[in-house]
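> Fold the following for me, if possible:
(one chain, ligands or ions: 1)
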Amino acid sequence: MSKMRIYEYAKQNKTTSKEVIQHLKDLNIDVKNHMSTVSIETIVKLDEKFAPKQQSNKSTNSNHNQQQHQNRPNQAKNGSNRGKNGKPNRKRNDQNGRRNPQQQNKNKKHQNGNKRHHNKSASKPQQQKPVKETPSKITYSDTLTVSDLAGKLNKGTSEIIKKLMSLGVMANKNQDLDDDTVELLCDEFGVEVEKEIILEDTDFDKYLKEDNPADLVERPAVVTIMGHVDHGKTTLLDAIRHTKVTEGEAGGITQHIGAYQVENDGKKLTFLDTPGHAAFTSMRSRGAQVTDIAVLVVAADDGVMPQTVEAINHAKAADVPIIVAVNKMDKEGANPDRVMQELTEYELVPEDWGGKTIFVNMSAFKLEGIDSLLEMLQLVSEIEELKANPKAAAFGTVIEAQLDKGKGPVATLLLQNGTLHVSDSVVVGNTFGRVRAMVNDEGRRVQAAGPSTPVEITGLNSVPQAGDQFLVFSDEKKARQVGEAREEKHIRENRSESSKVSIDDLFEQIKQGEMKEINVVIKADVQGSAEALASSLEKIDVEGVNIKIIHTGVGAIKESDIILASASNAIVIGFNVRPDTNAKKAAESEKVDVRLHRVIYKVIEEIESAMKGMLDPVYQEKVIGQAEVRETFKVSKIGTIAGSYVTDGKITRDSGVRLIRDGVVQFEGEIDTLKRFKDDVKEVAKNYECGVTIKNFNDIKEGDILEAFVMEEIERT
Ligand SMILES: Nc1nc2c(ncn2[C@@H]2O[C@H](COP(=O)(O)OP(=O)(O)OP(=O)(O)O)[C@@H](O)[C@H]2O)c(=O)[nH]1
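Numbering: from 1, shown residues only. Below you'll find the predicted structure:
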């Protein structure tokens, strides 16, 4: 039975849903809202009020075809059946606005059947071709051609082609159909359709469309502030925010949402509000590169410190330009020249000295130099020519996310392309939802957010992770499918082995051409060893693959080393140092390969062998049994025979043996002979007696324990 939605009926009859609903109420017909469907009987009743003249045409199927003919030319002209991009509109109703019921198909099929019948010569016996049923639902995952769809619908390709023509689409049987057209056609045949998302289709890359260069516009740079502990990162972030954000906004409350924007000379800059390279790199380890420029804060009275170097390495690994903010210039003992000098060692050479790095002297505390820093950031951002397409589907990265008791999952998103709107359907990491509300960095509700803008959103099904990426989908169903498939994939991947680089699969990856450079993080007990190791490793070159040292440091392996390694897909080498507890945990969860060594040449040997695919197998000892020596016999030419009783496991002829006396290992060697009575045997099991001789060892005494062991090859971890 044909049905249609109230709003469709209202539109068709140039009235409002409200009026239709009211009339239905008058008729004592209960409906929920404008999305409710009404049956053909109800439509007939509605027609009496809203379309009295056309009542018979509109309410019955009998005139349907005739009406279609009358209406079609007009439609073709005004293209009312086609969407903006020339594709047919998703939902299409018949000329009366009614969805074509399956019943209608059946009628048509009947008519066609008759036609066929008439064409046949009268003399031929009538062959009743079995008519295949039209399925009530079809599913598909890959792009369908016209003939694929015909097959699924149990129709002839010509029928599909005709239907497409009637919709204004010319196609041949091998033509690919886009999802909208498949849905539309299925709708026409009264068949429900669902596109299954196969797990491989969960990458956002598959859905990101190339931007039309004409749509690209300038976007604000995204800036991260990094540097050594106490050099003034937080003070600088606050200083920038207070001088710029609250300026001119009397009483404006700046809300902490993980990032904020400031305006300088009419141009915006976006600052990530989480100082430090750990946040920066953990985001990168999730595949998100949001930072366009790094500000390296170095205290003028303290100079380059270990975390300054780490920050430099992190920024370099991410290939992000660095501006140096020489802070605390107000302090006694401030020595900016020393900072410049020290930084030249890390290839950060000031422009004044012929280099390319911008240095800004400042005091975050006294709010001095902030404007120059912003000006320089603007300059670099112009050089970088940062652009985005506000018309694209919104895409970006999660900066922060947490569960709020009242609001549910809350996430701060940084838009990297496109414009995000309230009520957009969005997939975020492995979750999805609809944007219920958006708040900007000033705590104001907004309806839309463009590129480089941070916004806090609610409406997600669960809490994503910082560094997760998000993408808006045109409809909620698709977002749900992709979101659910991503979640499933994520669970599967977590179960399976990680794809991170490890010494053991180096050769495999090199062989498959997946690896041209091996990234390494070195931590050592003293700077000298770290440097020596680094330079030796850099000299290794196997089949054009070389080693790149992305960071060296002194001291225990820290969590930040692991995060850096994880983000850069690197191996960590500890030389005379060990990972601390947090680093151990991080290495486990991030699946980073940490190698601990005490001798330089062993490190070189291991890496070189791994690259050549010649890593020696690793063996582990396994004790297989124990026997107690109960009697000994001295036989010339043979030596001492130990008359023994197997107390545990078994003793085998080819196992290794250890002789233990009073808990102390006296000897370790091989079994020479193993006998039961006079016969040589391969093994003797528990609770049996046996005679054992040990190769090159005769000092066996009553009461000694013989421990049998084998060496088993184990998989490297
Ligand atoms: N004299 C002077 N002190 C400063 C300046 N900038 C920061 N400080 C002080 O230095 C100390 C550390 O500053 P923070 O901003 O907390 O440094 P940070 O780099 O964020 O430190 P962590 O968050 O611990 O890594 C604070 O006591 C600040 O007041 C400056 O320009 N001049």
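> ok, how many other residues are close to residue 187?
Other residues within reach of residue 187, judged by other Cβ atoms under 10 Å, total 17. C-beta: built from backbone N, CA, C; applies to glycine.
> Figure out the helix or strand that it lives in.
Taking DSSP states H and E as the definition, one finds residue 187 inside helix 179-188.
> going on from that helix, what's the next piece of helix or strand?
With DSSP H and E setting the assignment, the helix or strand that follows helix 179-188 is strand 192-195.
> Does anything pack onto the following helix or strand past that next one? Which helices or strands?
Using DSSP H and E, the next helix or strand after strand 192-195 towards the C-terminus is strand 217-218. Contacts of strand 217-218 with other secondary structure elements, assessed using 3 or more Cβ pairs under 8 Å, 6 or more residues apart in numbering; DSSP states H and E, are made with strand 387-388.
> pLDDT on the strand it packs on, on average?
Throughout strand 387-388, pLDDT has a mean value of 94.
> what residues does the next helix or strand after that strand touch?
Proceeding N to C from strand 387-388, the next assigned helix or strand is strand 395-404, under DSSP H and E. Contacts with strand 395-404, where a contact means Cβ atoms under 8 Å, 6 or more residues apart in numbering, come from 204, 208, 257-259, 272, 274, 283, 288, 290, 409-418, 420, 428-429, 454, 458, 463-472.
> Would you mind checking these for buried ones?
The neighbour-count test (16 or more other Cβ atoms under 10 Å) applied to the contacts of strand 395-404 identifies 257-259, 272, 274, 283, 288, 290, 409-418, 420, 428-429, 454, 458, 463-472 as buried.
> about what we covered before: CA-only coordinates of the helix holding residue 187 in PDB, if you can.
Taking Å, rounded to 0.1, in the frame of the first residue of the first chain, the C-alpha atoms of helix 179-188 are listed here in PDB:
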ATOM      1  CA  ASP A 179      25.300   6.000  -4.100                       C
ATOM      2  CA  ASP A 180      22.500   8.600  -4.500                       C
ATOM      3  CA  THR A 181      21.400   7.200  -7.800                       C
ATOM      4  CA  VAL A 182      21.400   3.600  -6.500                       C
ATOM      5  CA  GLU A 183      19.200   4.700  -3.600                       C
ATOM      6  CA  LEU A 184      16.900   6.600  -5.900                       C
ATOM      7  CA  LEU A 185      16.500   3.700  -8.300                       C
ATOM      8  CA  CYS A 186      15.900   1.300  -5.500                       C
ATOM      9  CA  ASP A 187      13.300   3.700  -4.200                       C
ATOM     10  CA  GLU A 188      11.700   3.700  -7.500                       C
END
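> In terms of secondary structure, what does it contact?
For helix 179-188, the packing partners by 3+ Cβ pairs under 8 Å, 6+ apart are helix 146-153, helix 157-166, strand 192-195.
> Please repeat the previous calculation with a cut-off of 7 Å.
Based on contacts counted as 3 or more Cβ pairs under 7 Å, 6 or more residues apart in numbering; DSSP states H and E, the elements that helix 179-188 packs against are helix 157-166, strand 192-195.
> list the buried ones in the last one?
Pointing back at strand 192-195 there. Burial within strand 192-195, assessed by neighbour count using 16+ other Cβ under 10 Å, is assigned to 193, 195.
> I would like the residues contacting it, please.
Strand 192-195 is contacted from outside by 136, 137, 138, 139, 140, 141, 179, 182, 183, 186, using Cβ atoms under 7 Å, 6 or more residues apart in numbering.
> what sits against the first one?
Going back to what we said before, that points to residue 136. Counted by Cβ under 7 Å, 6+ apart, residue 136 has contacts 191, 192.
> if we can go back for a sec, hmm, which of the contacts of strand 192-195 are the buried ones?
Buried residues within those, counting neighbours by 16+ other Cβ under 10 Å: 138, 140, 179, 182, 183, 186.
> what's the closest non-adjacent residue to residue 657?
Using Cβ to Cβ, 6 or more residues apart in numbering and skipping residues adjacent in sequence, the residue nearest residue 657 is residue 671, 5.1 Å away.
> packing partners for the strand or helix carrying that neighbour?
Secondary-structure assignment from DSSP H and E places residue 671 in strand 664-676. Using 3+ Cβ pairs under 7 Å, 6+ apart, the elements in contact with strand 664-676 are strand 656-661, strand 689-694.
> Export it to CSV, keeping only CA atoms.
Included here for strand 664-676 are C-alpha records, laid out as CSV according to Å, rounded to 0.1, in the frame of the first residue of the first chain:
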residue,chain,number,x,y,z
VAL,A,664,74.9,-25.9,43.6
VAL,A,665,75.5,-26.6,39.9
GLN,A,666,78.7,-28.7,39.6
PHE,A,667,78.7,-29.2,35.9
GLU,A,668,76.8,-28.5,32.8
GLY,A,669,77.2,-30.6,29.7
GLU,A,670,75.7,-33.2,27.5
ILE,A,671,74.3,-36.7,28.1
ASP,A,672,76.6,-39.3,26.6
THR,A,673,74.5,-42.5,27.0
LEU,A,674,71.0,-43.2,28.3
LYS,A,675,70.1,-46.8,28.9
ARG,A,676,67.2,-48.8,30.4
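> so how far is that strand off the chain centroid?
Relative to the mean C-alpha coordinate of its chain, strand 664-676 is positioned 56 Å out (Cα atoms, centre = their mean, to the nearest Å).
> before we move on, back to that, please list which of the contacts of strand 395-404 are also close to the ligand.
For the ligand, no contacts are drawn from those by Cβ under 6 Å from any ligand atom.
> So which of those sit within strands?
For the contacts of strand 395-404, membership in strands holds for 259, 272, 409-417, 420, 428, 454, 458, 469-472, with DSSP state E as the criterion.
> and the residue of the stretch 351-500 of the chain nearest the ligand?
Relative to the ligand, the nearest point of the stretch 351-500 of the chain is residue 365 (3.2 Å; Cβ to the nearest ligand atom).
> so what's the residue nearest to residue 666 when sequence neighbours are not counted bridging to?
If you skip the residues right next to it in sequence, residue 666 has residue 659 as its closest partner in space, 4.7 Å away by Cβ to Cβ, 6+ apart. Following DSSP bridges, residue 659 is listed with bridge partners residue 667, residue 706.
> Tell me, how many residues neighbour residue 659?
For residue 659, the tally of surrounding residues (other Cβ under 10 Å) stands at 21.
> repeat for residue 216
Residue 216 sits with 17 neighbouring residues when counted by other Cβ under 10 Å.
> Please report the distance of residue 235 from the ligand.
Distance, residue 235 to the ligand, using Cβ to the nearest ligand atom, to the nearest Å: 3 Å.
> What residues does that residue make contact with?
364, 365.
> again, but for residue 437
Contacts here follow Cβ under 7 Å, 6+ apart; on that basis residue 437 touches 422, 445, 458.
> can I get the residues you listed in CSV with pLDDT?
CSV is the format used below for the contacts of residue 437 (pLDDT from 0 to 100):
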residue, pLDDT
422, 95
445, 93
458, 95
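> re the thing from before, just name the closest of the contacts of strand 192-195 to residue 667, please.
Sorting these by how near they are to residue 667, with Cβ to Cβ, puts residue 141 at the top with 66.3 Å.
> wait, the closest one sits on residue 179?
No - Residue 141 is beyond contact range of residue 179, at 11.1 Å (criterion: Cβ atoms under 7 Å).
> what's around the closest residue to residue 643 other than its chain neighbours, how many residues?
With sequence-adjacent residues excluded and distances taken as Cβ to Cβ, 6+ apart, residue 643 is closest to residue 631, at 3.8 Å. Per other Cβ under 10 Å, the neighbour tally for residue 631 reads 12.
> and if you look at the one 4 residues further on?
Using other Cβ under 10 Å, residue 635 has 9 other residues around it.
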